[in-house]
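Chemist: pasting the sequence and the predicted model now:
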Amino acid sequence: MTAAVADTRFAPRAAGARQLAGTGTLLRLALRRDRVMIPVWVAVILMMVLSMPGSLKSVYSTAAERADLAQSMATNSSMRALYGPVFADSIGGLTAWRIGVYGGLFAAVMSLLIVVRHTRDEEESGRQELVSSAMVGRRAPLTAALLAALVANAATALLVAGGLASQGGGGALALGLAIAATGMVFATMAAIVAQLTESARLAKGLTSAVLGLAFVLRAAGDSGTGGSPQASGSGGGSSVLTWLSPLGWLENTRAFADERWWVLLLFVAGVAAQGAAAYELAGRRDIGMSFLPSRPGPASGRLGTAGALAWRLQRGSVFGWSAGFLVAGIAFGGMTQGATDLVGDNRKTRDIIERMGGQSGVTDAFLATMVGMLGMVAALYIVSSVLRLSGEETSQRAEPVLAAAVGRLRWAAGHLAIAFGGAALIMVLGGLGLGIGYGKNFGPVLGACLTQLAAIWVIGGLAVLLFGVFPRAAVAAWAVVGIALLIGWIGPAFELPQPVMNLSPFGHLPKLPGGEMAWTPVLTLLAIAVVFVAAGLTGLRRRDVSN
């Protein structure tokens, strides 16, 4: 009787342990698979953050200049929408203002990619079914994925706090924790979405859409309220919309400005609630299944060709990126006059914007900078779209298509048409948005956006080359995009030498609008893109599929 009572008493605990069996092994496997991706993401976030203090010191060298900058933000709604309000005019406070939200964005993207990769992506490829046939608990994969995201965000928090400690230990710790906590909020959000959807790509897209909504809510809230150092103790810069966004929580931690440590409890509550929901959903479905299954159907009619199938698989991504670029273009165009007012008579700020834009006119330089930013972000789209080929191959969905009367080049051509054509479409929409937001210069701005396609297509061509010739290294295309983004982000502020700037294909483009069109580098980049694509397709024809 006693033994039976003891068994009953400890049965729930034993059942819970079985649910998590194998978590440690799966965590080690996840960290091993991400041994390149996680350090790269953490390094990018760290370099973004640590580049700011030196840049700010060089531009705003005196306390009076920094105070003027902080005060000007109270009346500049466009810049508040872009970066948020300033709560302190110290170097640390301005660093938190300038980079805090974007550090949180990068941490969120890193986290959602980690979680989806080790949950839904594993199930979609069939690897999770093989792993679960061993002694692995039902919730072990989800736990391992969240722990991998926690390791990445913890490393980010420690490095950011250590790197900014000279500006103030408390503020550095608050900023590091807020960035990492934002990452964990979207890690648990991705864990929920991964249970609802049947596709890893859809899980990433939906979670990214939530992240975009969070940014829009924060921007809308910040643009409508003033923020200054004097208002930091009275709720300045915070509205209901701001508080609805985790990115708003990040800025309201107020690093380096009488830190609000209690705001971190919002992150804890959000992570706990979403994590509990994800665990509950994970326990209620079978491996490979989802609560929102995709609709099956015969491959006939509009799905009767490889190109039509590629469009069906990627149309959601194209629509999402198109809408995002149009909205971003309108927002950036509307900020143009505000950026000119913000620069004012500050010669150093004007110099940096002119180095990024390449022109003497601040308005043209700002527009050129925004065009360059859209181009670099569009490179993310084209790499993602090209690597859909790799996903189709590794998940073995390509084999049934190629087993029919469909050649490899025809199969690849459908996806590549969407990748390269989609990049052109979103840049056109981004240019139209800039023109609408600014209210003029439609032609020059649209032409500037189209010029960016030469560099975008080079990166897309390199992704095709890696996929066709070195399929296991295809993911390295993300590193290429990361390097281009990093050079474009910190290069002008650090005044990096031109040979370093030229490592990015964007460094060879003419700075438009406002400058002179240089056809030689544009045509050269287009030729390089063609060579990369041709070499990649040649490699695809000669190698084994799924090898």
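Modeler: Good, I have the coordinates.

Chemist: and the pLDDT at G536?
Modeler: If you check G536, the pLDDT there is 93.

Chemist: adjust the sequence numbering to begin at 672 for everything that follows.
Modeler: Understood, numbering begins at 672; the last thing we discussed is G1207.

Chemist: what's the local residue count around it?
Modeler: 25 (other CB atoms under 10 Å). All C-beta atoms are positioned from the backbone trio N, CA, C, and that covers glycine.

Chemist: show me where pLDDT drops low in the stretch 772-921 of the chain?
Modeler: 800, 803-805, 895-909 (pLDDT under 70).

Chemist: that should have said the chain, apologies.
Modeler: Using pLDDT under 70, the flagged stretches of the chain are 672-688, 744-747, 749, 800, 803-805, 895-909, 957-975, 1008-1033, 1161-1167, 1217-1218.

Chemist: ok, longest helix in it?
Modeler: Longest helix in the chain, counting residues (DSSP state H): helix 1079-1109.

Chemist: which other helices and strands does it contact?
Modeler: With contacts taken as 3 or more CB pairs under 8 Å, 6 or more residues apart in numbering; DSSP states H and E, helix 1079-1109 sits against helix 977-1005, helix 1033-1057, helix 1059-1065, helix 1069-1074, helix 1113-1122, helix 1124-1140, helix 1190-1213.

Chemist: got the contact list for the nearest residue to L1060 once chain neighbours are set aside?
Modeler: The shortest distance from L1060 to any residue other than its chain neighbours is 5.1 Å, reached at H1086 (CB to CB, 6 or more residues apart in numbering). Residues near H1086 by CB atoms under 8 Å, 6 or more residues apart in numbering: A981, Q985, S1056, V1057, R1059, L1060, E1063.

Chemist: try H1179
Modeler: So, once contact is read as CB under 8 Å, 6+ apart, H1179 ends up touching A1126, N1173, P1192, T1195, L1196.

Chemist: quick check: of the residues you listed, which lies closest to V1204?
Modeler: L1196 (12.8 Å; CB to CB).

Chemist: quick one: that closest one from F1037, how far?
Modeler: 24 Å (CB to CB, to the nearest Å).

Chemist: who has more neighbours, these two?
Modeler: Neighbours were counted for L1196 and for F1037 using other CB under 10 Å; F1037 has more, 26 against 23.

Chemist: how much space separates the more buried one from N1112?
Modeler: 12 Å.

Chemist: what do you get for F996?
Modeler: 18 Å.

Chemist: format the contacts of H1179 as CSV; extra columns: distance to A701.
Modeler: Listed next are the contacts of H1179 as CSV, based on distance: CB to CB, whole Å:
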residue, distance to A701
A1126, 34
N1173, 36
P1192, 42
T1195, 41
L1196, 37
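
Chemist: quick revisit: okay, F996 and N1112: which has more neighbours?
Modeler: F996 (25 against 20).

Chemist: what about the helices in the stretch 672-821 of the chain?
Modeler: Along the stretch 672-821 of the chain, the stretches classed as helices by DSSP state H, counting those that start in this stretch are 673-690, 694-704, 708-730, 734-743, 748-754, 762-788, 791-796, 798-803, 811-834.

Chemist: helices and strands around the fifth one, which ones?
Modeler: Packing partners of helix 748-754 (3+ CB pairs under 8 Å, 6+ apart): helix 762-788, helix 871-894, helix 977-1005, helix 1007-1014.

Chemist: okay, buried residues for the third one please.
Modeler: Read it as helix 977-1005. 977-978, 980-982, 984-985, 988-989, 991-993, 995-1005 (16 or more other CB atoms under 10 Å).

Chemist: quick one, that helix and helix 1033-1057 angle?
Modeler: 160 degrees (axes from the mean of the first three to the mean of the last three CA atoms, to 10 degrees).

Chemist: and the first one, by the same measure?
Modeler: Note on geometry: by the same axes, to 10 degrees, helix 762-788 and helix 1033-1057 are set 20 degrees apart in direction.

Chemist: which other helices and strands contact helix 762-788?
Modeler: Using 3+ CB pairs under 8 Å, 6+ apart, helix 762-788 sits against helix 708-730, helix 734-743, helix 748-754, helix 811-834, helix 840-867, helix 871-894, helix 917-923.

Chemist: can I get those in CSV with distance to G1118 and mean neighbour count?
Modeler: Output for those, formatted as CSV (distance: least, CB to CB, whole Å; neighbours: other CB atoms under 10 Å):
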stretch, distance to G1118, mean neighbour count
helix 708-730, 30, 19
helix 734-743, 32, 17
helix 748-754, 24, 21
helix 811-834, 39, 22
helix 840-867, 36, 26
helix 871-894, 27, 21
helix 917-923, 33, 27
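
Chemist: who are the neighbours in contact with A1094?
Modeler: A1049, Y1052, I1053, S1056, L1124, I1127, W1128, G1131.

Chemist: around R1212, how many other residues sit close by?
Modeler: Neighbours of R1212 (other CB under 10 Å): 12.

Chemist: dump the residue contacts of it.
Modeler: Contacts of R1212 (CB under 8 Å, 6+ apart): R1079, L1080.

Chemist: repeat that for T1122.
Modeler: Per CB under 8 Å, 6+ apart, neighbours of T1122: L1180, P1181, L1183, M1188, V1193.

Chemist: and for L783?
Modeler: Counted by CB under 8 Å, 6+ apart, L783 has contacts F857, A858, M860, A861, K875, T878, S879, L882.

Chemist: what does V802 give?
Modeler: Contacts of V802 (CB under 8 Å, 6+ apart): G693, L697, E793, P812.

Chemist: for the first one, give its distance to G946.
Modeler: So the one you mean is G693. From G693 to G946 the distance is 19 Å (CB to CB).
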